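Novice: Quick one, structure for this:
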Amino acid sequence: MDVEKLTDSLNAPVQGTRADGLKLAMAVLWERRDECPRAVPILVAHDEVVVECEAERAADVKVWLE
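Specialist: Here you go, the predicted model:
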C-alpha cells in the first residue's frame, strides 16, 4: 500500500470521529443550556464552536463553553 492510499484510508475514520465529537459537544451544550441562559450555540466549524451572547457575559460563557 502506498502512502497516498494509506492516508486516504485513515482520513475518513479520523474526520468521522472528529465530527462525532463535535456533535456530542453540541448535544452536551444543549443539555446544559440552562446553566448559561441567553448563550446560544450557533455554529460549529472545523474545531470551533461559536456561541452568541451579550458582550458583558462573554467571560462567563467562555467558562461554560470550556
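
Novice: longest helix of this protein?
Specialist: Assignment by DSSP state H gives helix 3-31 as the longest helix of the chain.

Novice: tell me the centre residue of this structure?
Specialist: In the chain, the C-alpha nearest the mean C-alpha coordinate belongs to L22, at 3.9 Å (Cα atoms, centre = their mean).

Novice: list the contacts for it?
Specialist: If you count contacts by Cβ atoms under 8 Å, 6 or more residues apart in numbering, L22 has them with 44, 47, 49. Every residue, glycine included, has its C-beta placed from N, CA and C.

Novice: swap in R18?
Specialist: D47.

Novice: how much space between it and D47?
Specialist: According to Cβ to Cβ, to the nearest Å, R18 and D47 sit 8 Å apart.

Novice: circling back: run the angle between whichever helix or strand comes after the longest helix of the chain and helix 3-31 for me.
Specialist: On the C-terminal side of helix 3-31, the closest following helix or strand by DSSP states H and E is strand 40-45. Interaxial angle of strand 40-45 relative to helix 3-31 (axes from the mean of the first three to the mean of the last three Cα atoms, to 10 degrees): 180 degrees.

Novice: mind checking how far strand 40-45 is from the chain centre?
Specialist: Centroid separation for strand 40-45 versus its chain: 8 Å, with Cα atoms, centre = their mean, to the nearest Å.

Novice: Who are the packing partners of that strand?
Specialist: helix 3-31, strand 48-52 (3 or more Cβ pairs under 8 Å, 6 or more residues apart in numbering; DSSP states H and E).

Novice: Can you say which of these is nearest to A39?
Specialist: For these, the distance to A39 is smallest for strand 48-52, at 5.3 Å, taking Cβ to Cβ.

Novice: quick one, the closest one and strand 40-45 angle?
Specialist: 150 degrees.

Novice: buried ones in the next helix or strand after strand 48-52?
Specialist: Proceeding N to C from strand 48-52, the next assigned helix or strand is helix 58-65, under DSSP H and E. By 16 or more other Cβ atoms under 10 Å, the buried positions in helix 58-65 come out as 61, 64.
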